[in-house]
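Colleague: Provided below are the primary sequence and the corresponding predicted coordinates.
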Amino acid sequence: MFFYAHLPSHLISSPPYIPMEILPISASHLIKSQITPFTDKLREGHKFKTCLQQQITSLFRSSPPRIDAPPRRRNKVVFILGSTGTGKSKLAIDLAIHFDGEVVNSDKMQVYAGLDIITNKVTEEECAGVPHHLIGGVHPAADFTAFDFCGEANRAIESIIARGRLPIIAGGSNSYIERLVDDDKGKFRSKYECCFIWIDVDLPVLHSFVSERVDKMVDMGLVEEARTMFDPNGDYSKGIRRSIGVSEMDRYFRAGRSVDGEAKGKILKEAINDIKENTMKLTYNQLRKIRRLSTLPGWEVRKVDATEAFRWRSDPQAERVWTIVARDPSIKIVRKFLDSKLDAVHFQDDRRIEANCCHHHDQCEERA
């Protein structure tokens, strides 16, 4: 599932991570899995043949194959940008399933082994069989730099393209992405065509979601996980200890048994609030960087507004709204990118892309 090839020995976590790949289900397997129970019931002559044809026709009308089949793609890379919590990983996986791609992580904290809750790594279930690269392979104390990232990301991209699949780079570390794309000698730009999708959520809505997510992380074991990183003499400026959720817990762990239960509970509450506030500050910084990138030459950033999906996040129709406002518009952008030639890349204007979702907007407003 997760790949981390060619890492220098001093960066690899111990014990070594063993990669595993689970390939997406092909259309033929999808058909077979759905018609097998049917074939068990009908196994005779013309009646079986006729009914089988009807079953296959019905299957494709109701559930088309989930993998898109664009013309042969060469040297094309998709980037998913966005503030923390906006659904970058989810969108990357959606696109990877649809276009037979693989995801390359560009979050500078998720490259490290450990702290899966605090760094919000995707789970194996969430990966849905999509291979992921550059997740969890670096020793927690290592100094993994933008230079290291560029080397590993380039190797992963080359490997993915060599297998005829689509590389999808997703993560919140925009400085890593900028360093990769706009390298000193312009090698990346000369070798690859780039598609930049910015998944955005209105900040008040996003901050409400972030607050809820931190509370869920606490319920999942954030405090206990942070305790494994606690060191009275530790340095919070290096390695995985830079993650939001580690240094904020320091005062709580130092309190130990020196304060009573009520006072310690108050310290814990303050630490959790600090995590929320620092995460919200991070969203501001990421947003500012994305807006700056979108003004640079060669950065054709296409904004997809997923705000309504987050407003509906507690509703049974939340996944449907996500599909309408985020997944489907992004698929249109990527399909057009894959079908285009380098000298004739013409995307829809952002406002037109957002307008495609407006048929659902009135209903969403009633739920907000």
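Modeller: Thanks, I have the structure now.

Colleague: And the strands in the chain?
Modeller: 2-3, 76-81, 101-105, 132-133, 166-170, 193-200, 301-305 (DSSP state E).

Colleague: Adding mean neighbour count as columns, could you present the ones you listed in CSV?
Modeller: Quick note: C-beta positions are derived from backbone N, CA and C, even for glycine. Compiled in CSV, these are given as follows (neighbours: other C-beta atoms under 10 Å):
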stretch, mean neighbour count
strand 2-3, 21
strand 76-81, 25
strand 101-105, 28
strand 132-133, 26
strand 166-170, 26
strand 193-200, 22
strand 301-305, 21
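
Colleague: Quick one: closest of the ones you listed to residue 336.
Modeller: Closest to residue 336 of the strands of the chain is strand 193-200 (C-beta to C-beta; 8.9 Å).

Colleague: returning to what we had before: any chance of the strands of the chain in CSV with distance to residue 273 and mean pLDDT as columns?
Modeller: Conversion of these to CSV gives the following (distance: least, C-beta to C-beta, whole Å; pLDDT from 0 to 100):
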stretch, distance to residue 273, mean pLDDT
strand 2-3, 33, 50
strand 76-81, 28, 98
strand 101-105, 28, 98
strand 132-133, 32, 97
strand 166-170, 29, 98
strand 193-200, 25, 97
strand 301-305, 29, 97
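
Colleague: would you list those strands in a markdown table and tack on distance to residue 231?
Modeller: Output for these, formatted as a markdown table (distance: least, C-beta to C-beta, whole Å):
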| stretch | distance to residue 231 |
| --- | --- |
| strand 2-3 | 27 |
| strand 76-81 | 34 |
| strand 101-105 | 26 |
| strand 132-133 | 29 |
| strand 166-170 | 31 |
| strand 193-200 | 36 |
| strand 301-305 | 40 |
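
Colleague: Among these, which comes closest to residue 293?
Modeller: When those are compared for distance to residue 293 using C-beta to C-beta, the nearest one is strand 301-305, at 6.4 Å.

Colleague: export the closest one as CSV, just CAs?
Modeller: Provided in CSV are the C-alpha atoms of strand 301-305 (Å, rounded to 0.1, in the frame of the first residue of the first chain):
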residue,chain,number,x,y,z
VAL,A,301,-4.5,26.8,-10.3
ARG,A,302,-8.1,25.7,-10.6
LYS,A,303,-10.2,26.3,-7.6
VAL,A,304,-12.9,23.9,-6.5
ASP,A,305,-15.1,25.1,-3.7
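
Colleague: Could you check how far residue 194 is from residue 76?
Modeller: When distances are taken as C-beta to C-beta, to the nearest Å, residue 194 and residue 76 turn out to be 8 Å apart.
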